[in-house]
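*Asks:* sequence first, then the predicted structure, then my questions.
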Amino acid sequence: MSQRKQRRRRRHRRPYQNQNGAEVGPAAGIQTLATADDPRNGADATGRPAVLRMLCCDGTQVDETTVIRPEQLTVAREKWPVVWIDIEGLDDEATNRLIGDVFEIEELALEDAVTPDERPKVEVFGHQVLVAARTVRFDGDAIVTDPVCIFLGDRYLITFRERLARDPFELVRDRIRHGRTRIGHEGCDALCAFLLDVLIDGYFPVLERFGDRLESLEEEALDRPSRDSLVGIHDVRNDLMTLRRALWPTRDLLHALGREPTPLVGDHARAHFRDSYDHTMELLDLMESYREIGSDLRDIYLASLNNRMNDVMKLLTVIATIFMPLTFITGYYGMNFDTKSPWNMPLLSYRYGAIVAAGIMLMTVSGMVMFFWRKGWLKRWH
Amino acid sequence: MSQRKQRRRRRHRRPYQNQNGAEVGPAAGIQTLATADDPRNGADATGRPAVLRMLCCDGTQVDETTVIRPEQLTVAREKWPVVWIDIEGLDDEATNRLIGDVFEIEELALEDAVTPDERPKVEVFGHQVLVAARTVRFDGDAIVTDPVCIFLGDRYLITFRERLARDPFELVRDRIRHGRTRIGHEGCDALCAFLLDVLIDGYFPVLERFGDRLESLEEEALDRPSRDSLVGIHDVRNDLMTLRRALWPTRDLLHALGREPTPLVGDHARAHFRDSYDHTMELLDLMESYREIGSDLRDIYLASLNNRMNDVMKLLTVIATIFMPLTFITGYYGMNFDTKSPWNMPLLSYRYGAIVAAGIMLMTVSGMVMFFWRKGWLKRWH
Amino acid sequence: MSQRKQRRRRRHRRPYQNQNGAEVGPAAGIQTLATADDPRNGADATGRPAVLRMLCCDGTQVDETTVIRPEQLTVAREKWPVVWIDIEGLDDEATNRLIGDVFEIEELALEDAVTPDERPKVEVFGHQVLVAARTVRFDGDAIVTDPVCIFLGDRYLITFRERLARDPFELVRDRIRHGRTRIGHEGCDALCAFLLDVLIDGYFPVLERFGDRLESLEEEALDRPSRDSLVGIHDVRNDLMTLRRALWPTRDLLHALGREPTPLVGDHARAHFRDSYDHTMELLDLMESYREIGSDLRDIYLASLNNRMNDVMKLLTVIATIFMPLTFITGYYGMNFDTKSPWNMPLLSYRYGAIVAAGIMLMTVSGMVMFFWRKGWLKRWH
Amino acid sequence: MSQRKQRRRRRHRRPYQNQNGAEVGPAAGIQTLATADDPRNGADATGRPAVLRMLCCDGTQVDETTVIRPEQLTVAREKWPVVWIDIEGLDDEATNRLIGDVFEIEELALEDAVTPDERPKVEVFGHQVLVAARTVRFDGDAIVTDPVCIFLGDRYLITFRERLARDPFELVRDRIRHGRTRIGHEGCDALCAFLLDVLIDGYFPVLERFGDRLESLEEEALDRPSRDSLVGIHDVRNDLMTLRRALWPTRDLLHALGREPTPLVGDHARAHFRDSYDHTMELLDLMESYREIGSDLRDIYLASLNNRMNDVMKLLTVIATIFMPLTFITGYYGMNFDTKSPWNMPLLSYRYGAIVAAGIMLMTVSGMVMFFWRKGWLKRWH
Amino acid sequence: MSQRKQRRRRRHRRPYQNQNGAEVGPAAGIQTLATADDPRNGADATGRPAVLRMLCCDGTQVDETTVIRPEQLTVAREKWPVVWIDIEGLDDEATNRLIGDVFEIEELALEDAVTPDERPKVEVFGHQVLVAARTVRFDGDAIVTDPVCIFLGDRYLITFRERLARDPFELVRDRIRHGRTRIGHEGCDALCAFLLDVLIDGYFPVLERFGDRLESLEEEALDRPSRDSLVGIHDVRNDLMTLRRALWPTRDLLHALGREPTPLVGDHARAHFRDSYDHTMELLDLMESYREIGSDLRDIYLASLNNRMNDVMKLLTVIATIFMPLTFITGYYGMNFDTKSPWNMPLLSYRYGAIVAAGIMLMTVSGMVMFFWRKGWLKRWH
């Protein structure tokens, strides 16, 4: 019961609100820009320190470091054709300001990037493209989406994201490390396409789990409709709403990236964006189907309730139908008419009267039972 | 009960009708244009006098006054690069006419500005841009939206709004006073963007309170469905309709301000408008989710009612099922057959007959109870 | 009952069908073109004669006459800058043909103008603009919309409308007469804008009355759901459909008039059309809200019915629960066991036996009542 | 019952399937191309022979013949400015091929023309415009739509249609015959516009009959809800779907004909197409209203069922409430307490005891009846 | 029961998942590229070998072979104007790679082609057009759609498809073999149009079978509403969702092929695509109708349940109404009043008392039965 309440409490927060995902701080021993002795982030540093992972690569080499000094950024930017700075933690204002200064990010764009409730969108800010997207994960049974912001610049790419237990980009990093991508040759736009592709792919297992939930809910709604199944159906619909809020704008942004011309995005990356767009369309198709199944389930639930009430009513009717005539017969022979008159219920004085009466009752009952058997009322008690 | 009625009465007025918000007049001692000895607003002044607050600023200085003489306006307009005239009170015709004359506002535009039911829109009138928006507030439990009209001119900005207990623009004024904005440098379009941003931000806490209302309504609908929960769900849906009527056109106007070219709005303000547009989209996403939750709640309510009826039916069936056989047995032994015949109900003459009969009854009852226990009918009486 | 039937009969006619509004003929003594001795409308004049009111004005003078001779029209057209011919009655074919000839109206346009079911639209026919709109009025409780067709020409404007008890344009005439408009200066497009504005304003009181109907229906649906409230809700929804059929195309035509370029419509009139467009949007917003409230009401009605059934079921259950045990007890002591045996129901022979039995019954009843009181079943019988 | 089944069987066929309308062959004695000794349609002629009616006219003369030899077609095409060939019967392959050859119709276009399920559309094939439309008629109670295909060429017009009992174009023919149209002057595009206008006008009486059906269904749903009314509502909704499938694409094709430029369609015909477009919009408006009324009816039906159940429940409750106390009282005085004790039910030994008991019973009953009277439960048994 | 579960399990998989269709491998003895001794597909060949059928034709000749050596492809490509390579089996990576190399297919396009869940779309990749479509078939009772990908190149066409028991393209092959198409003259775009036409035509029988299912479900819902009919309705709706997911994007791709200019698609093929587009529109119209009928059925089902409950309630009421008065009468004469007093129920001592009482009972019963007969409650027990 308390679990249900917890769920519900969660549900009614602001939509994109992160909950316990944001509790994961930098592991002990990991140096951050904030813990390093940079005079700039002294007094006014608010929020917990963010972790900055930098991955630089060209066609042949890959270099990974955790940034602790701002100089590292400018050096890398000059040396490598592909510089990816991955910032874990949105609320480290000092770091954010620093990054904004180094990469000349407009204030408004930076603000968008570190807002946890930012709606997926793509916007061109001067020499940069801001892509705000959302990853999806299960938090217990509920679906939560977390913001991921990508700044795509000339030869660099910056990602802002929440501190999460599971790094959604580890797969990308791994593929780059082992040289299984051509990102070093193709540039940052290809990296951006890859990241978005990984994000979108993360939605598929979530939707598959939905399929299982809907299946078991349908079983439940048909066979044992209870208040809990109603709550379950309601929860599924709420989760689908959360997904929809994340997926529809994602589709729009992928459409924009795949079709609209920006010098920062090449033809090759554009084809990848179109591909991700197709995947999003598949997700949305599937999601809309689930939404309809969800609302069908509610109708099934109500129909099951009705069926159940019907069964209860039938039982009541069967009972009344069987006992009312019996009670009438017993009442009949309980009347106090003068039995001295031979016209007044002679059976009462008859030697086998009670047996005859019991026989009449038995016949009545068996007639009733047969009648109900034929009508099929005795068969399906759930 | 009377509270409910009051709510309902409120609801069915014309949609944007202000109610008691408009009762707040100028505080005693505040001089207004109308109370000052201007000969123009003598005989034909209708409505209560409006309060005119003027805030002028450039990059370095800020000057705030309450306007009581028309000359002040023309002087300020020549001297300052940013002049903001904030008019509290829509029904002071003399003041409105005066403002219209000084700033050369077209008659039709001025009429739109002082109509309390004006739908949010943006329209270009010659050398001015008219932005009609709406603020939101709670009036008791009900949601009310009030009109705010902004005239954006070359070096000035005029706002028309209702007399409300809480000044929604106090925050803006405060930020300008303390030099925490760059509006003095950026001009009136930036001020307009800031004002709209503050208006939009005012919708977020309102929607959050909706989340709480929906949560408690869901709890109620599931656990104690009553007529009041039905009325509550209905009220939430009505309030969401009010919000929707204000938010959808607001989204359109922000879209227009952010994309369409007007010489009065610079690129920087345009970016801010796009940002507000994104916020409005978030609000609308959230609102649509709440609308769906609202209609889900109604279904939950009906399902709960059905469940409840089911429970009542089950209780009735249990009672009938337990007592009908008992009554039959008592009736059986109440029959007046001649007990002298050994074939006619010998139990009646048996020494422990009544005890045996009571035993049969007890066994019947326990069998029934066990049967219902297994069917789970004795468990969940709410 | 018969009233309901009448309503329903009315509802299912062709949508824009006028009913009794069209019964108002020209008042006795009013001369019409048809009654004047014009040889043209001799033999083939069908339909009742129409009344032609002509209002001519320039910046300084106003002249009003009832046209009875065709020459009047040509004379006025040459002399005045603004000539408004208002034709009351659509079925006077002779007059229609005459007007068509004098003002060179295309046959197809004239046919549109005199069709009572014409859908609101704007269409340019050569040198004229045809605006088909609809006025709204209550016919008893039902909403009826009547056609009004406006031909906007170079220096003239012709309106075709049904013979109605109330002239919707009297207000316009009155304002022109007393010189309170600038139509004499601004020309016929301004007059057209004014007429449409008056038509649109006529919808507001109708929608306000809807608010009251919905309020009282809600009260009824919650407190005394009957078949009549269901019919009432259905009627409201039907009336809203009638309104929608008139308002949506009106919005489109005002949009077209406000944005599309036609040499006949000047910038000033265009601004007025845009203003009327905004009013129509408000009306439509409000109407859509009412539609939703209407469908909510139906759900409330059904929920109330369910609640009511629940109450009836509870009463039945309470009665069964109270009397079944009592009947069992009386049955128990009605059994005919041999009371000579001390084991067989000794209470029967006990001196105060009946009192004890009555006591047991009383206790049972009070226990039951207390049980139901706690469950809250005895409280809310509507 | 069997009628209902028949209806349903009909409904689930392919949508535009013609049923018995297609059974009407050429009347005996009417010569057709196929029966004439044309060597081309010898061996491979499939389907029943089609009837070809040719109507040729110019501004002054009209000539009507039934075509039985291909030469007639080429001769007429050269001689007359307006040649209308009306082909009754879609499945006469020989005739179709012949027509295709003579008028150089593309194979794909010809195939479309003779497909009975063709969706309304307009398509330009080289030097011809193909207009596929649908007429509507009642087949018993069900609505059926039949295909009509029009090929609009330079100086000719060909119509393909099913063999129907009623010729929908007889009216057009008649008007041309009596010189009451200007088609001879205006050309084939005007004829095409006239034909479409006649087709669209055929939908109005059908929709009016819908109004009557909905009215009587509403009466039924409110007063005597039965399974048949449910089936009736369902049927209406199905018929409206059939109509919608025909009308929506018709609207699109009229829009295309009225706005898009084709050299074959002149300005005058274009205006007529726009006029037909307006009529289609009216039809669609009305149809959507009927659809909504249809779904309202279903809700009304369900509410009526609920009301009815409520009434049955009330009756049951009234009966239980009246007889349960009575039965209790009789049971009470049926208890076998020892009446020798003055404390044990002295009424039993009282001389007027039974009368007193009967009095108590009477009072109980009248109390109950009064109670129910006040609650209004005894009033409305339907 | 287990069948239902199976169905449901199937339903909740990923939407386009192929199930047992993919189990059909190449028949024994059929040589494939993989089984031939090509060194390239040695070690890393994964998946089962695909079967490659090549059909080459020009205006006069047709040549069909099963490809087992890559050289065959390049030879054929040079020699024939129309080369159709039909690849059965998507998971033979070696073959796919080979085809990709020979025909210079981009990697991303090839990946799309062999993804079983690919959404229908058309995309231009350099010198090729990729058309992803879906065929439909019944798998038991459930509807399954399988992917078919077409690469349309300059003088060749490649189709990728699943291994299915029934080859959907056999018809096409057969028509080409017997020279009954003009594809040899018209080129690969005509072949592509033909293939898509065949795919689309495959949907019609599926939808017709839907009609039958809906008909029998309606019969069932009206006459014997059971849990199974509910599940059946739910299944139909699910299948329609599957269809819709395949058909809507197919419509979009046909629209694109029919209107957008690509050098690879000629005017003639374009006309064919437009024709297929019209067929898809018909399918979609029909499908939407079925969807509405499906949701109507659910309402009918619920109404039938309600009707049924009503009938049970009526039976209960009839029983209570008949037996309660009887039981009262027997109770009345079972009271133990002192019959010595002539005022206390003299009937008890009357010689024919019991007969009189039985008469009263009979009269009561017949009165009741007559009452119910008139109310029509005894008629329709389903």
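*Replies:* Perfect, I can see it now.

*Asks:* which ones are touching whichever residue of the stretch 151-300 of chain A sits closest to chain D?
*Replies:* Taking Cβ to the nearest Cβ, chain D has its nearest neighbour within the stretch 151-300 of chain A at A:D299, 13.2 Å off. Every C-beta, even on glycine, is put in place using the N, C-alpha and C of the backbone. Counting by Cβ atoms under 8 Å, 6 or more residues apart in numbering or on different chains, A:D299 touches E:298, E:302.

*Asks:* burial check on A:T115, number of neighbours?
*Replies:* Residues near A:T115, counting by other Cβ atoms under 10 Å in any protein chain shown, number 18.

*Asks:* did I read that right, it in a helix?
*Replies:* No: per DSSP: H, G, I helix; E, B strand; the rest coil, A:T115 lies outside any helix segment and is coil.

*Asks:* tell me which element A:E118 falls in.
*Replies:* Per DSSP states H and E: A:E118 is located in neither a helix nor a strand.

*Asks:* A:T159 versus A:Q72, what's the distance?
*Replies:* Here the criterion is Cβ to Cβ, to the nearest Å. By it, A:Q72 lies 17 Å from A:T159.

*Asks:* let me redo that: A:N344
*Replies:* For A:N344, the distance to A:T159 - Cβ to Cβ - is 101 Å.

*Asks:* and the longest helix seen in chain A with helix D:267-332, angle?
*Replies:* Longest helix in chain A, counting residues (DSSP state H): helix A:267-333. For helix A:267-333 against helix D:267-332, the angle by axes from the mean of the first three to the mean of the last three Cα atoms, to 10 degrees is 30 degrees.

*Asks:* how about the helices of chain A, start to end?
*Replies:* A:2-11, A:70-79, A:93-102, A:107-113, A:170-177, A:183-186, A:188-201, A:203-223, A:227-259, A:267-333, A:353-375.

*Asks:* can I get those in CSV including mean pLDDT?
*Replies:* As requested, these are exported to CSV (pLDDT from 0 to 100):
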stretch, mean pLDDT
helix A:2-11, 43
helix A:70-79, 88
helix A:93-102, 89
helix A:107-113, 87
helix A:170-177, 90
helix A:183-186, 87
helix A:188-201, 93
helix A:203-223, 89
helix A:227-259, 90
helix A:267-333, 89
helix A:353-375, 88
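
*Asks:* B:R177: which of these is closest?
*Replies:* Of all the helices of chain A, the one in closest proximity to B:R177, counting by Cβ to Cβ, is helix A:107-113 (21.4 Å).

*Asks:* point out the other helices and strands that that closest one packs with.
*Replies:* helix A:93-102, strand A:121-125, strand A:128-139, strand A:142-152, helix B:267-333 (3 or more Cβ pairs under 8 Å, 6 or more residues apart in numbering or on different chains; DSSP states H and E).

*Asks:* 10 Å instead, please
*Replies:* Judged by 3 or more Cβ pairs under 10 Å, 6 or more residues apart in numbering or on different chains; DSSP states H and E, helix A:107-113 is in contact with helix A:93-102, strand A:121-125, strand A:128-139, strand A:142-152, strand A:156-161, helix B:267-333.

*Asks:* now render these as TSV, adding distance to D:M368.
*Replies:* Below are the helices and strands packed on helix A:107-113 laid out as TSV (distance: least, Cβ to Cβ, whole Å):
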stretch	distance to D:M368
helix A:93-102	77
strand A:121-125	70
strand A:128-139	59
strand A:142-152	54
strand A:156-161	73
helix B:267-333	19
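
*Asks:* wait, which of the ones you listed is closest to B:G202?
*Replies:* Comparing these by Cβ to Cβ, helix B:267-333 comes nearest, at 10.5 Å.

*Asks:* and the angle for that closest one with strand A:128-139?
*Replies:* Computed by the same axes, to 10 degrees, the angle between helix B:267-333 and strand A:128-139 is 20 degrees.

*Asks:* having no further points to raise, I will conclude here.
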